[in-house]
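> Give me a model of this one.
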Amino acid sequence: MKIGILQTGHAPDELLATEGDYDAMFRSLLSGEGFTFETFNVVDGAFPSGPEAADAWLITGSKHGAYEDHAWIPPLEDLIRAISATAKPLIGICFGHQIIAQALGGKVEKFAGGWAVGRQTYDMDGKKLAVNAWHQDQVVALPAATKVLAGNAHCENAVLMIGENTLTIQPHPEFGAGVIAGLIAHRGGAVPAELLNAAKAELENTTNRGIFRDMMVAHLKRQTAEATS
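This next block holds a predicted model:
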């Protein structure tokens with residue numbers, strides 16, 4: 001099964017040698033499942049021919065805002081709508097979560113409540129699940145036919161199922177402690193010091209990223225499972 005990774009941003013240069021770029025983090029997270037991957041650096045203007053170029057799609061995080069004026073955002077939104085019109089699974093993480101919601105009729109804005117940085121806890125299916133996050137923007141209005149799967153007091157719309165084929169996640173299952181430490185060091189300038197210090201204090205605490213990873217794998221494989229059932 002081929003997963004097309006739509007890369008919408010790049011990791012800081014200082015992290016590339018140890019953590020890899022954002023697409024590499026997803027390749028590592030989703031390894032061992034029989035997937036093959038192809039990365040399209042849409043942030044640099046490199047787009048696939050269309051939804052048929054992969055069996056399923058994943059949109060990465062980014063330092064950019066979904067509402068910003070970049071030449072690559074309108075064609076990305078067009079591609080999202082084209083993928084959404086097929087039966088192909090689509091996953092969006094952080095910026096990916098936001099741009100999918102925006103493309104499908106939702107609204108994204110810079111959240112007045114500020115940043116969520118480092119280990120955060122979300123309510124999902126009656127459980128408290130911890131996973132790393134790094135964002136200020138949020139989805140504040142939902143597209144049609146959207147079910148909220150998880151959230152917390154700071155981020156109500158943290159995990160969404162849009163229709164039957166699109167799963168979006170605001171936090172970062174692909175981010176381990178090393179990535180968060182690197183972002184604190186190299187992209188933490190806009191984040192209040194108290195939030196950075198709190199994130200540093202949580203670096204060694206475990207997360208439930210494996211649960212989110214398994215959710216992503218199940219979603220990516222759902223088309224194959226339905227075809228053979």
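> all helices of this protein, in order?
Secondary structure of the chain, counting by DSSP state H: helices at 13-19, 22-29, 73-84, 95-103, 177-186, 193-201, 209-228.
> partner residues bridging the residue nearest to the spatial centre of the chain?
In the chain, the residue lying closest to the centroid (C-alpha atoms, centre = their mean) is residue 93, at 0.6 Å. Beta bridges link residue 93 to residue 169, judged by DSSP bridges.
> my guess is it meets residue 30, correct?
No. Between residue 93 and residue 30 there is no contact under C-beta atoms under 8 Å: 11.5 Å. Any C-beta I mention is one placed from the backbone N, CA and C, and that applies to glycine too.
> Point out where this protein drops to low pLDDT.
Along the chain, the parts satisfying pLDDT under 70 run over 223-229.
> rerun at 90
Within the chain, the segments meeting pLDDT under 90 span 87, 222-229.
> how far does stretch 142-156 stretch from start to finish?
By C-alpha to C-alpha, to the nearest Å, the extent of stretch 142-156 from end to end equals 11 Å.
> before we move on, back to that, give the contact list for the residue nearest to the centre of the chain.
Contact partners of residue 93, counting by C-beta atoms under 8 Å, 6 or more residues apart in numbering, are 26, 58-61, 168-169, 172-174.
> Could you check how far it is from residue 71?
For residue 93, the distance to residue 71 equals 22 Å [C-beta to C-beta, to the nearest Å].
> And for residue 51?
Taking C-beta to C-beta, one finds residue 51 at 21 Å from residue 71.
> Between these two, point out the one with more neighbours.
For residue 51 versus residue 71, neighbours defined as other C-beta atoms under 10 Å are more numerous around residue 51 (21 against 7).
> Pull up the gap between the more buried one and residue 180, please.
Taken as C-beta to C-beta, the span from residue 51 to residue 180 is 33 Å.
> returning to that earlier point: tell me which of the helices of the chain lies nearest to residue 151.
When those are compared by C-beta to C-beta, helix 95-103 sits nearest residue 151, at 12.0 Å.
> What are the buried residues along the closest one?
By neighbour count on 16 or more other C-beta atoms under 10 Å, the buried set for helix 95-103 is 95-103.
> Likewise for stretch 23-39?
Within stretch 23-39, the residues that qualify as buried are 23-27, 29-30, 35, 37, 39, counting by 16+ other C-beta under 10 Å.
> right, and out of those residues, which lies closest to residue 141?
Distances from residue 141 to those, taken as C-beta to C-beta, are shortest for residue 26 (27.2 Å).
> How about the contacts made by the closest one?
5, 37, 58, 60, 93, 174.
> same check, this time on residue 133
Counted by C-beta under 8 Å, 6+ apart, residue 133 has contacts 94, 116-120, 155, 170-172.
> Please dump those into a markdown table; it should also carry neighbour count and distance to residue 211 for every row.
As requested, the contacts of residue 133 are arranged in a markdown table below (neighbours: other C-beta atoms under 10 Å; distance: C-beta to C-beta, whole Å):
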| residue | neighbour count | distance to residue 211 |
| --- | --- | --- |
| 94 | 25 | 17 |
| 116 | 23 | 18 |
| 117 | 23 | 21 |
| 118 | 26 | 18 |
| 119 | 22 | 14 |
| 120 | 23 | 14 |
| 155 | 20 | 17 |
| 170 | 31 | 15 |
| 171 | 29 | 12 |
| 172 | 26 | 14 |
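> Spell out which two among those are the most distant pair, please.
Greatest spacing in these, by C-beta to C-beta: 94 and 119 (15.0 Å).
> Compare the helices of the chain and give me the one nearest residue 140.
Here helix 95-103 is closest among the helices of the chain (C-beta to C-beta), at 9.2 Å.
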